[in-house]
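J.: The sequence and its predicted three-dimensional model are supplied below.
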Amino acid sequence: MIDPDGSPRSAWDFLLAIFTIALVIYVPVLIGLYSSALQCVFVAGHTPESADEPHAPPQPQSAVQFMTLTNMAFLFDIILNFLTGVRQYNPETGMIEYCYNLKTVATQYASTWLALDVVSCLPVECILNAAGVTHSYNAGHLNRLLKVFGLRRRAHGDPFRLINHIPFIRRNFNYSLRLVVVSASMLLLGLHYFACGLWLVLRLQDFPANTWPVELNLLDPYPIVFQCWTWSVFAVTSAMIGLGYGSYPPQTFPEAVLWTVEMMVMAGGFAVVNGFVLSAILEFLASKARYKAKLMQVRREVERRRLPVDIQDKVLRFYELKHVENVQDAAVFMNELAPALRLEVALATVGGWLNRIPVLASNQQLLQRASLLVERQAAPEGQLIAIPGTPHDQMLFITKGYADLYMVTDVGEVLIDTLVAGDSFGEASLLPVPALDQLPSRLRDVWSNSCFSTHSWPVLFSLRALSNCSLAMLDAQKFQDLVQEYEGAEAELHRLGQHHATVLDALPQLEQLWSAAIAFNPQTDQ
């Protein structure tokens, strides 16, 4: 059986979604502008025969090949659907589960989408040809349009997920802008259908005198499909935006009816799209206004405090980065989620990183609760993330960007490594500090002769953002308060804390690092 969410099935669904959209665009062109087929697509081969119509060109070979290809793909999809697992609600667990039982899968598919899939794949054009219909106007392809109703049932095929495959839209467009893209696409599709319909209405009447295709000499000597379609789109677009029918009013009753329907439908659609565009613009402007108001508030505060210019710049760049990375929105987003869903999101976001910590990897409940304590933060380029001499009060993960790790010495900083997305820093902050009398002698001597707190490990290395960084931070105090509820985990952390003290005591540069951390000044050591 095939996994319904696996990569092969997802790629297949996406391909069928592309085929469906292509059919939705091409079928009206085939019906409205090309002459009727005299052969079924399955037997036409590379030499399709079309009816001899003076005002419609014969079908191209590519049309027959495309219709054959898509029909075979959708027939093959019917077979795959009988072999693809389905999602079912399990009342005992209250969760959606996958079912791969062949009988269950076949029963569910046969009772839902099978009829639509079979009808949309029927070779109606072959049936019409067998019945001797010579002027069907390719109406036998209309059943292919039923495929559009199956778009949303495909997990990877609805319009919003389709445009998500475009990297630029996925990265830069919010919901409002994506709504504009989808609604504008639907509006353009409506224009396309009315354009093909307008040409078909005139073609059915053999293009009466004084109609716009005759006046524009589009039929002499032979109609060119793209040129005819372009003029037809121009006509319906003019009607949509309120310019009327242009220089050539409708000459027949059917044409007038179509014009009237098109004006009402497309004018309404045009107004809806304009509304979505205006809503997206207002949302963008409101966001910018909130950002500018916050920045003005920050500027007033730093000026009131009479901060040095370089620190003012750091504060402003920090708030600018928080706005770009949506740090505040992320916190609001998490707080608004239901507790169970919040836990799932937290585990999916930081669970993999926290699982590297042995004490969390061995206790899943503690891992789950710790993941809810992780918060997002940002650090602009050049900002100190960890300052030597300060208490180790948080463990952090680099989620985006680069940060340089330096060893502080009496003569300056020495670059040790460059951390990238996925790297962590400050694991020692989660470890309790043994009592002074339990520390190794060398470490106890340097600690007792310094001004460092004995409740937290001191930061001995500096970490500076090499580029704009996004961070995930776990507060050490909150974590230690949480661990107190788990005796086994607390005992393991105490053991690791004692081991960390032994490691520090064995460092050859311990005294040098300690004295450099004491003397480090973040305002001058930049």
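T.: Nice, I can see it. All figures in this text were calculated on a predicted structure; none of them were measured in a lab. Numbering: from 1, shown residues only.

J.: Give me the neighbour count for A17.
T.: 22 (other CB atoms under 10 Å). Any C-beta I mention is one placed from the backbone N, CA and C, and that applies to glycine too.

J.: Hmm, V148 and it touching each other?
T.: No - in this structure A17 lies outside contact range of V148 using CB atoms under 8 Å: 9.9 Å.

J.: chain center to the helix or strand containing F14: distance?
T.: Assessed by DSSP states H and E, F14 sits inside helix 7-33. For helix 7-33, the separation from the chain centroid amounts to 22 Å (computed by CA atoms, centre = their mean, to the nearest Å).

J.: Stretch 442-449 too?
T.: With CA atoms, centre = their mean, you get 53 Å for stretch 442-449.

J.: How confident was the prediction at H323?
T.: For H323, the pLDDT comes out at 68.

J.: got it, and A472?
T.: 90.

J.: pLDDT score assigned to V302?
T.: 79.

J.: how about the helices in the stretch 351-500 of the chain?
T.: Counting by DSSP state H, counting those that start in this stretch, one finds helices in the stretch 351-500 of the chain at the ranges 352-354, 358-361, 364-371, 441-448, 476-483, 487-505.

J.: Quick check: which of the ones you listed is nearest to V315?
T.: Taking CB to CB, helix 476-483 is the member of these nearest to V315, at 24.7 Å.

J.: For beta bridges, what are the partners of A403?
T.: L419, A465 (DSSP bridges).

J.: Buried residues, the helix or strand hosting V182. List them.
T.: Here V182 sits within helix 175-204, counting by DSSP H and E. By neighbour count on 16 or more other CB atoms under 10 Å, the buried set for helix 175-204 is 177-183, 187, 190-203.

J.: can you check stretch 472-479 too?
T.: So for stretch 472-479, counting by 16+ other CB under 10 Å, buried means 472-476, 478-479.

J.: Any chance of those in JSON lines with distance to S456 as columns?
T.: Shown next, in JSON lines, are the buried residues of stretch 472-479 (distance: CB to CB, whole Å):
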{"residue": "A472", "distance to S456": "20"}
{"residue": "M473", "distance to S456": "15"}
{"residue": "L474", "distance to S456": "14"}
{"residue": "D475", "distance to S456": "12"}
{"residue": "A476", "distance to S456": "7"}
{"residue": "K478", "distance to S456": "13"}
{"residue": "F479", "distance to S456": "12"}
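
J.: between those residues, which is closest to S232?
T.: A472 (55.5 Å).

J.: Setting aside sequence neighbours, what's the nearest residue to that closest one?
T.: F397 (4.4 Å; CB to CB, 6 or more residues apart in numbering).

J.: now do V118
T.: Counting by CB to CB, 6+ apart, the nearest residue to V118 once its immediate chain neighbours are dropped is I78, at 7.0 Å.

J.: if we can go back for a sec, just send the helices of the stretch 351-500 of the chain back as JSON lines, with distance to L38 too.
T.: JSON lines is the format used below for the helices of the stretch 351-500 of the chain (distance: least, CB to CB, whole Å):
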{"stretch": "helix 352-354", "distance to L38": "62"}
{"stretch": "helix 358-361", "distance to L38": "70"}
{"stretch": "helix 364-371", "distance to L38": "66"}
{"stretch": "helix 441-448", "distance to L38": "94"}
{"stretch": "helix 476-483", "distance to L38": "77"}
{"stretch": "helix 487-505", "distance to L38": "79"}
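
J.: Output the ones you listed in CSV, with distance to D423 and mean pLDDT appended to each entry.
T.: Output for the helices of the stretch 351-500 of the chain, formatted as CSV (distance: least, CB to CB, whole Å; pLDDT from 0 to 100):
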stretch, distance to D423, mean pLDDT
helix 352-354, 10, 86
helix 358-361, 17, 87
helix 364-371, 18, 90
helix 441-448, 26, 88
helix 476-483, 18, 91
helix 487-505, 19, 89
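
J.: Minimum distance to M296: which of these has it?
T.: Nearest of those (CB to CB): helix 476-483, 32.9 Å.

J.: in the helix or strand the residue nearest to V118 falls within, what counts as buried?
T.: Using DSSP H and E, I78 falls within helix 61-81. Residues of helix 61-81 classed as buried: 63-64, 66-68, 70-71, 74, 77, 81 (neighbour count, 16+ other CB under 10 Å).

J.: helices or strands up against that helix?
T.: If contacts are counted by 3 or more CB pairs under 8 Å, 6 or more residues apart in numbering; DSSP states H and E, helix 61-81 sits against helix 7-33, helix 41-44, helix 114-121.

J.: now the angle from it to helix 114-121?
T.: 160 degrees (axes from the mean of the first three to the mean of the last three CA atoms, to 10 degrees).

J.: average pLDDT across helix 61-81?
T.: The pLDDT scores in helix 61-81 average 87.

J.: what do you get for stretch 11-20?
T.: Computed over stretch 11-20, the average pLDDT equals 87.

J.: heads up, I number from 21, so please use that
T.: New numbering, starting at 21: the last item is stretch 31-40.

J.: And that stretch, what's buried?
T.: By 16+ other CB under 10 Å, the buried positions in stretch 31-40 come out as 32-34, 36-37, 39-40.

J.: next one: stretch 282-300
T.: In terms of neighbour count (16+ other CB under 10 Å), stretch 282-300 has its buried residues at 282-283, 286, 289-290, 293, 296-297, 300.

J.: Lowest-confidence entry in the residues you listed?
T.: Among these, A300 has the lowest pLDDT, at 85.

J.: Quick one: residues contacting the residue nearest to it when sequence neighbours are not counted.
T.: Among residues not flanking A300 along the chain, S196 sits closest, at 4.0 Å (CB to CB, 6+ apart). Residues in contact with S196 (CB atoms under 8 Å, 6 or more residues apart in numbering) are 296, 299-300, 303.

J.: Before I go, just wanted to say thanks for your time.
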